[in-house]
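Undergrad: A predicted structure for the sequence below; I have some questions about it.
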Amino acid sequence: MFGIGRNQQNVVSMMSREHERRNAPIREVETYWRALCEADTIPARSRIDPRGIEGALENAFLAERIAPGMARIRVAGSHLLDLMGMEVSGMPLSSLFAPPARDELQRHVTRVFAGPSILRARLRGEDGFGKPAMEASLLLLPMRSDMGDVSRALGCLVTQGRIGRVPRRFVLEEIQTTPVFNTQSGPAEAIRPTDPENAYLRQRVPRVHQFDEPATPFTPKVLSGLRPNLRIVVSNDD
């Protein structure tokens, strides 16, 4: 039986395996996002292909910055709908959190778009009647809009525990934001897809070329010594 034995070398930890399995959607979303990153550019929202995160779609969502520190959920997977017991598209991201956690969340969401930065958080479901014990992990990754500003985000939320009979909201156990770019030495190593899994995804993600070739300047030719194609003929016979 796993986890039982006199020799500690024969003990197999099931907690680490369960943690890895539970956070697989977060790893898939982050790996895909990193594969989209260029050397020093946040990827554009338009480059997201749901097929690239097929295994994490129910946990994934897209958010839009609507004010400093505030983001609105635009598209969400089925897991977020199950947690809230309703459609969450159009709702503020803060609606997933209990009121005491929202000020701290707002400060970190500000950094996601202004940094830009990556947000990671460890959450706990609110206690109460019809609310079984629940833990969760949140990932929020900055993205650019079609206008080029960092006002979109790709997120992923995974939970452990029964949802219960009422909508679930979370409190913060731990939250941190990490700058995507190292301002002192250029792009942070974190966004460079050097590991084999990222390199494989990078080959699968099509790059969108937008007028990569520089425009050729137009230089008019001087037509000297040539007879004009048209001429005016005047007749005075009348």
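TA: Received it, and whenever you're ready, just let me know what you need.
Undergrad: Break down this structure into its strands, ranges please.
TA: 60-67, 70-76, 117-125, 135-144, 150-160, 170-179, 181-182, 186-187 (DSSP state E).
Undergrad: Distance to residue 110 and mean pLDDT for these - can I get that in TSV?
TA: In this view, the C-beta of every residue, glycine as well, is placed from N, C-alpha and C. Shown next, in TSV, are those (distance: least, C-beta to C-beta, whole Å; pLDDT from 0 to 100):
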stretch	distance to residue 110	mean pLDDT
strand 60-67	9	96
strand 70-76	9	95
strand 117-125	9	96
strand 135-144	12	97
strand 150-160	12	96
strand 170-179	9	96
strand 181-182	17	76
strand 186-187	22	38
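Undergrad: Dump those strands into CSV; add mean neighbour count and distance to residue 90 as well.
TA: Listed next are the strands of the chain as CSV, based on neighbours: other C-beta atoms under 10 Å; distance: least, C-beta to C-beta, whole Å:
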stretch, mean neighbour count, distance to residue 90
strand 60-67, 20, 10
strand 70-76, 19, 6
strand 117-125, 20, 21
strand 135-144, 22, 18
strand 150-160, 21, 15
strand 170-179, 15, 19
strand 181-182, 14, 31
strand 186-187, 12, 34
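Undergrad: and residue 30, which of those strands is closest to it?
TA: Evaluated over the strands of the chain, closeness to residue 30 peaks at strand 135-144, with 6.2 Å, by C-beta to C-beta.
Undergrad: Hey, what's the angle from that closest one to strand 117-125? Just curious.
TA: Interaxial angle of strand 135-144 relative to strand 117-125 (axes from the mean of the first three to the mean of the last three C-alpha atoms, to 10 degrees): 160 degrees.
Undergrad: Restrict strand 135-144 to CA atoms and write it as CSV.
TA: Only the C-alpha atoms of strand 135-144 are listed here, as CSV (Å, rounded to 0.1, in the frame of the first residue of the first chain):
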residue,chain,number,x,y,z
GLU,A,135,-8.4,25.1,-2.3
ALA,A,136,-7.5,26.7,-5.6
SER,A,137,-4.7,28.1,-7.7
LEU,A,138,-4.9,31.1,-10.0
LEU,A,139,-2.7,32.2,-12.9
LEU,A,140,-3.1,35.5,-14.8
LEU,A,141,-0.9,36.2,-17.8
PRO,A,142,-0.8,39.6,-19.6
MET,A,143,-1.7,40.0,-23.3
ARG,A,144,-2.0,42.8,-25.8
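Undergrad: Now do that strand against strand 70-76: the angle between them, please.
TA: Using the same axes, to 10 degrees, the direction of strand 135-144 lies 100 degrees away from that of strand 70-76.
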